[in-house]
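# Sharing a model prediction with you, sequence too.
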Amino acid sequence: MSYPNILSPQLCLGTAAFGMDYGITNTSGQVSSSLVRGMISYAIKSDINYFDTALSYGDSSRRVGESAIVYPDMKIISKFPSQQSRYFDSENISEWDLTFENMLNTLKVKSLDTLLLHDALDASKLGANVLFWWLNTLKERNLVKRIGLSIYSLTCLSNVDLNQIDVVQLPVSLYDQRLLNNGTIENLLSKGIKLHGRSLYLQGLLLQPSERWPLWIPQNIRAHHRRLQEYLEINQSSFIEIALNFARSLHFLELVIFGACNLNQLSDLLKMWRKPVRFTEDELHKWSLNDNSFLDPRKWPK
């Protein structure tokens with residue numbers, strides 16, 4: 001399967017851990033405010049210009065905003081909250097305006113690079129044309145450069161007017177290649193939609209030996225991970241190296257969204273990102289899994 005070689009993906013710092021205890025393997029908890037400022041400063045000095053956040057990420061947006069005052073050229077991607085309404089009409093617009101105004105005020109910015117619908121279901125509800133009309137007015141007023149969706153699977157795109165979409169943020173990793181294999185990515189690219197890859201480490205699971213995994217993960221998945229670990233030991237490599245090699249092989253992505261919980265993690269990741277690629281695409285694609293209950297965090301036990 002071939003895809004257009006647009007550009008090597010740029011890095012985007014995901015900020016969920018800045019506002020809450022994020023990540024199934026995270027043992028250090030929420031990142032402190034002072035450390036957030038230090039990490040954003042380090043990222044910018046390392047030529048990372050994009051930052052991904054959401055109102056639902058606890059205190060993340062406020063903390064990102066503290067740095068946006070200092071670094072006004074930050075390119076911020078945020079997500080419009082899931083809507084409770086079963087259908088939309090013009091009466092929703094004033095509420096959307098208030099939500100968006102609050103978003104900008106919290107982030108201390110005048111505009112966003114990208115605004116994504118956090119719940120793709122909102123894009124297919126009755127009256128979604130009203131929602132897209134409002135989103136496009138944000139673009140017309142130069143409050144948002146691009147609009148799009150955050151998705152988990154192909155089904156999230158059902159009944160969505162993709163002609164309204166500039167960007168799709170989607171999960172993709174060494175283990176999660178579903179959207180590569182089922183034609184979703186190829187279809188989105190054919191429509192000129194920019195793609196942002198997230199969940200690169202499956203919330204950290206991909207970077208940990210299976211012995212440290214939660215007990216609910218099935219034995220066949222654990223065995224698969226142990227085989228990867230053995231393969232990496234033979235090749236004198238690491239989980240993080242192969243995960244990043246996989247991301248760098250996805251030339252069709254505009255951005256790769258990654259997370260870090262401290263400066264050491266951020267520094268190590270950037271050093272590893274810049275190292276020469278060691279694995280071929282065939283070597284990388286053979287580790288793909290198809291177990292949706294494992295690959296989709298929404299299905300994980302709470």
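Perfect, thanks for sending it. Numbering: from 1, shown residues only.

# Break down the chain into its strands, ranges please.
10-14, 50-52, 75-80, 112-117, 144-150, 167-171, 194-198, 255-258 (DSSP state E).

# Tell me which stretches of this protein form helices.
16-19, 33-45, 60-68, 93-107, 128-140, 178-181, 184-190, 219-234, 239-248, 263-273, 281-285, 292-295 (DSSP state H).

# Alpha carbons of the last one, as PDB, please.
Think helix 292-295. Output of helix 292-295 as PDB, limited to C-alpha atoms (Å, rounded to 0.1, in the frame of the first residue of the first chain):
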ATOM      1  CA  ASN A 292     -10.200  -3.300  19.000                       C
ATOM      2  CA  SER A 293     -10.800  -3.900  22.700                       C
ATOM      3  CA  PHE A 294      -7.100  -3.500  23.300                       C
ATOM      4  CA  LEU A 295      -6.400  -0.800  20.700                       C
END
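
# Residues contacting that helix, please?
Residues from elsewhere that reach helix 292-295 (C-beta atoms under 8 Å, 6 or more residues apart in numbering): 153, 171, 175-176, 178, 202, 217-218, 221, 289, 299. No exception for glycine: its C-beta is placed from N, CA and C like everyone else's.

# In this structure Leu244 contacts Leu269, no?
Yes - in this structure, Leu244 is within contact of Leu269 by C-beta atoms under 8 Å, at 7.3 Å.

# the more surrounded of these two?
Leu244 (24 against 19; other C-beta atoms under 10 Å).

# I'd say Leu263 and Tyr42 touch.
Yes - the pair Leu263 / Tyr42 is scored as a contact, 6.1 Å apart, by C-beta under 8 Å.

# looking at the strands of the chain, which is closest to Asn159?
Minimum separation from Asn159 across the strands of the chain (C-beta to C-beta) falls at strand 144-150, 12.3 Å.

# Tell me the strands beside that closest one, with direction?
strand 112-117 (parallel), strand 167-171 (parallel) (DSSP bridges).

# Rebuild the ones you listed as JSON lines, extending it with mean neighbour count, mean pLDDT and distance to Val277.
Putting the strands paired with strand 144-150 into JSON lines (neighbours: other C-beta atoms under 10 Å; pLDDT from 0 to 100; distance: least, C-beta to C-beta, whole Å) gives the following:
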{"stretch": "strand 112-117", "mean neighbour count": "24", "mean pLDDT": "98", "distance to Val277": "27"}
{"stretch": "strand 167-171", "mean neighbour count": "24", "mean pLDDT": "98", "distance to Val277": "22"}
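
# Format the ones you listed as a markdown table; extra columns: distance to Arg37.
Output for the strands paired with strand 144-150, formatted as a markdown table (distance: least, C-beta to C-beta, whole Å):
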| stretch | distance to Arg37 |
| --- | --- |
| strand 112-117 | 20 |
| strand 167-171 | 25 |
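
# out of the ones you listed, nearest to Phe100?
strand 112-117 (7.8 Å).

# related to what we said a few turns ago, any common contacting residues for Leu244 and Leu269?
Joint contacts of Leu244 and Leu269 (C-beta under 8 Å, 6+ apart) do not exist.

# sorry, back to before: kindly reformat the strands of the chain as CSV containing distance to Ser249.
Converted to CSV, the strands of the chain look like this (distance: least, C-beta to C-beta, whole Å):
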stretch, distance to Ser249
strand 10-14, 15
strand 50-52, 20
strand 75-80, 22
strand 112-117, 23
strand 144-150, 22
strand 167-171, 16
strand 194-198, 11
strand 255-258, 11
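
# Of those, which is nearest Ser210?
strand 167-171 (20.3 Å).

# Contacts for the closest one, please.
52, 77, 114, 116, 146-152, 179, 184-185, 188, 193-199, 254, 257, 295-296.

# Of those, grab the buried ones for PyMOL.
Entered in PyMOL, the line below selects the buried ones among the contacts of strand 167-171, by 16 or more other C-beta atoms under 10 Å:
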select buried, resi 52+77+114+116+146+147+148+149+150+151+152+179+184+185+188+193+194+195+196+197+198+199+254+257+295
